[in-house]
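>>> Output the structure for:
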Amino acid sequence: MDGELSFFELGVGDVSRARRFYGSLFGWEFVEEGNGATIETPNVPGGIHPGDEGASPYVFFRVSDLDAALERVRELGGDTAGWDSSDDDPETVARFGRFVMCKDDQGSTFGLHEPPRH
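Next up is the predicted model:
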């Protein structure tokens, strides 16, 4: 369903340390993915990546048509020039879908996620 929370991402300085912290705090399980990991939670899936110490969590909202949603963000005065997973490895995009970081018309950051079509 468009607009529902679809995915979250934690930026950290040290992935191993963060895995210990969040695993102990919430009981989360992790699956290694490159230099980061996916987060296995009971509801919304997540990810964790290094080199982003002190970052706020990234929140992604599901959309069924990412290109149309990006166009609508721009029409509403937002910015879509943030990180775009379309530049990632095609296998990664096929597994996880497409993600784009955006800003609303007041400069607040949020993400859009189009899940893979299986």
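
>>> what's near enough to touch the nearest residue to W83 once chain neighbours are set aside?
In this structure, W83 finds its nearest non-sequential neighbour in M101, 4.6 Å apart by CB to CB, 6 or more residues apart in numbering. The way it works is simple: take the backbone N, C-alpha and C, and place the C-beta from them, glycine included. Each residue near M101 by CB atoms under 8 Å, 6 or more residues apart in numbering is listed here: Y58, G82, W83, D84, T109, F110, G111.

>>> repeat that with 6 Å
By CB atoms under 6 Å, 6 or more residues apart in numbering, the contact list for M101 reads G82, W83, G111.

>>> With secondary structure as added columns, please give these in TSV.
Below are the contacts of M101 laid out as TSV (DSSP: H, G, I helix; E, B strand; the rest coil):
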residue	secondary structure
G82	coil
W83	coil
G111	strand
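
>>> By neighbour count, which of those residues wins?
Across the contacts of M101, the neighbour count under other CB atoms under 10 Å reaches its highest value at G111, namely 19 neighbours.

>>> circling back to that earlier point, ok, the contacts of M101 vs G54, which is closest?
Set against G54, the nearest of those by CB to CB is W83 (17.3 Å).

>>> close enough to count as contact, E40 and E32?
No - look at E40 against E32 with CB atoms under 6 Å: they stay out of range, at 11.9 Å.

>>> related to what we said a few turns ago, pull the CA atoms of the helix or strand hosting the residue nearest to W83 into CSV?
Here M101, judged by DSSP states H and E, is contained in strand 98-103. C-alpha atoms of strand 98-103 as CSV (Å, rounded to 0.1, in the frame of the first residue of the first chain):
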residue,chain,number,x,y,z
ARG,A,98,14.6,0.9,-5.6
PHE,A,99,15.2,3.5,-2.9
VAL,A,100,15.5,7.3,-3.3
MET,A,101,16.2,9.9,-0.5
CYS,A,102,14.1,13.0,-1.0
LYS,A,103,13.3,16.3,0.9
